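Asker: Next come a sequence and a model predicted from it.
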Amino acid sequence: MLISVIVPVLNEAGYILESLASARSGCSHAEVELIVVDGGSTDGTPRLIPGDARLLAAPRGRAVQLNCGARASRGEALLFLHADWRLMSGDQAQFARREAFFRVGGFPEIPLMEDLELARQLGRVGRLARLPLPGGRLLAPDLAQPQPGIPLPVLRAGPPGPGPFLPFQPRARLTPPPIFL
């Protein structure tokens, strides 16, 4: 299954290469599609994007850029990663099944908290989960066996406890069992 990693950037020259490397870590090109969406960087960020990533341009705005990347993606699962986040370091990322993401209309194009609103919308069509980052790896549901009509949960990797923007239900169980990315 192909996972599309979508990274919005705006003057992220100091972060982007590490972020993309963390997204690709241990995965083949057949498993991970990297999409970087530039919102008008003036620091040379677009010149740093490696050849194995697709570079797109969109108007400035995180939600606008994320939606642009999602529309251009080919993956069955979408992972939204900020340029200064590292998947293996405990930073956060959001996943959604492609079908669920587009069913709720993608990220709302609002100035702030678009991730919170997306989580709320996805929660109306399926379950949300907040998962810890055990052993330095991101824990995710089994993408190979999606349940019809249930979106891949939005995830926030990081320390245990309630997150600032995702509903957390400790009794929630993921079925089928999780896999490591």
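Answerer: Yes, it's here.
Asker: What's opposite residue 57 in the beta bridge?
Answerer: Note on residue 57: beta-bridge partners residue 38, judged by DSSP bridges.
Asker: what about it, how many residues close to it?
Answerer: Residue 57 sits with 13 neighbouring residues when counted by other C-beta atoms under 10 Å. From N, CA and C alone the C-beta is placed, and that goes for glycine too.
Asker: Go ahead and confirm it touches residue 38.
Answerer: Yes - contact status for residue 57 versus residue 38: in contact at 5.3 Å, counting by C-beta atoms under 8 Å.
Asker: what ranges of the protein fall below the confidence cut-off?
Answerer: Residue ranges of the chain with pLDDT under 70: 88-91, 130-181.
Asker: how about the strands in it?
Answerer: Ranges of strands within the chain are 3-9, 32-38, 53-57, 77-80, 94-97, 139-140, 179-180, based on DSSP state E.
Asker: before we move on, the earlier item: could you tell me which residues touch both of residue 57 and residue 38?
Answerer: residue 46 (C-beta atoms under 8 Å, 6 or more residues apart in numbering).
Asker: Now do the same contact list for the spatially closest residue to residue 16 that is not a sequence neighbour.
Answerer: Nearest residue to residue 16, sequence neighbours excluded (C-beta to C-beta, 6 or more residues apart in numbering): residue 83, at 5.0 Å. Applying C-beta under 8 Å, 6+ apart, we find residue 83 in contact with 7, 8, 9, 12, 15, 16, 19.
Asker: ok, now with 10 Å
Answerer: 7-20, 36, 41, 45 (C-beta atoms under 10 Å, 6 or more residues apart in numbering).
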